[in-house]
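In: kindly generate the corresponding structure for this input.
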Amino acid sequence: MPRERGALPAWARRISPLHRILLGLERRRYRAEGNTWVIANSRLNRDGILAHYPLPADRIRVVYNGVDPERFTPQNTARFRADTRRILALQDQDVALLFVGGNFSRKGLWLILEAVAQAGPVGTRLSVVVVGGRRSARWDRQVHALGLDARVRFVGPVTEPERYYAAADVFVLPTYFDPFANATLEAYRVMRETS
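Out: Residues are numbered from 1 along each chain as shown. Predicted structure coming up:
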């Protein structure tokens, strides 16, 4: 959290009564006698639970996330790419970097924006498509300060993210913490045969 929002918000959260209550509920939930099984969606989550709670390792199972292979498929490129790029006003020569996530700070959107701004001449071909989350004045200010107004498109929450994976050239998710991002699976399913 200090990297995501700064040291002061991280400190305030640590002393917050609500945070303390939530930690207490979590401790109670993960006590050994209270669980038959715990399902974690990644080894990172499993290891985190084992590091912080006295739960026997054999009572935790890792069950990875999955995505619908009919919905997220390489065939989407032929179906959606041209139309979606037209809607986004992307030219053929534009290299579309796709970011999909709800929490822009934790998922590292600012890193992508700064990298594109520093990319020099090659950066003029890069466009950032941001799917999910809420666009805010803070992000608009950052985009403007970096001189990226014409190259960043905030799409917002969508019901068909597969269209944007099909339109993208590169999927980027420089997240600070994400035990198992569904967006990564979705991108892999759609983009694996086109990149």
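In: going forward, measure contacts between C-alpha atoms and count neighbours the same way
Out: Noted.
In: what pLDDT does the model give residue 194?
Out: As predicted, residue 194 sits at a pLDDT of 50.
In: ugh, typo on my part, it should be residue 108
Out: Predicted confidence (pLDDT) for residue 108: 92.
In: isn't it right next to residue 174, touching?
Out: Yes - judged on CA atoms under 8 Å, residue 108 makes contact with residue 174 at a distance of 5.1 Å.
In: looking at those two, which is more packed in?
Out: residue 108 (20 against 15; other CA atoms under 10 Å).
In: residues contacting the more buried one?
Out: Going by CA atoms under 8 Å, 6 or more residues apart in numbering, residue 108 touches 173-176.
In: cool, and residue 37?
Out: 59-61.
In: where's it relative to residue 151, distance?
Out: Distance from residue 37 to residue 151, counting by CA to CA, to the nearest Å: 47 Å.
In: thinking again about what came up before, buried subset of the contacts of residue 37?
Out: residue 60 (16 or more other CA atoms under 10 Å).
In: which stretches of this structure have low pLDDT?
Out: Scanning the chain with the threshold set as pLDDT under 70 gives 1-6, 32, 34-35, 193-195.
In: burial count for residue 190?
Out: 25.
In: who touches the helix or strand harbouring it?
Out: For residue 190, the host element (DSSP states H and E) is helix 182-191. Here helix 182-191 makes contact (CA under 8 Å, 6+ apart) with 65-67, 69, 72-77, 100-101, 162, 165-166, 171, 173.
In: try 10 Å
Out: If you take CA atoms under 10 Å, 6 or more residues apart in numbering as the criterion, helix 182-191 is touched by 64-77, 98-101, 161-173, 192, 195.
In: assign residue 127 to helix, strand or coil.
Out: Each residue gets one of three states, and residue 127 gets strand by DSSP: H, G, I helix; E, B strand; the rest coil.
In: meant to ask about residue 135
Out: Following three-state DSSP, the label given to residue 135 is coil.
In: go ahead and confirm it touches residue 143.
Out: No - using CA atoms under 10 Å as the test, residue 135 is too far from residue 143 to be in contact (11.1 Å).
In: show me the contacts for residue 92.
Out: When contacts are counted by CA under 10 Å, 6+ apart, residue 92 touches 82, 85-86, 125.
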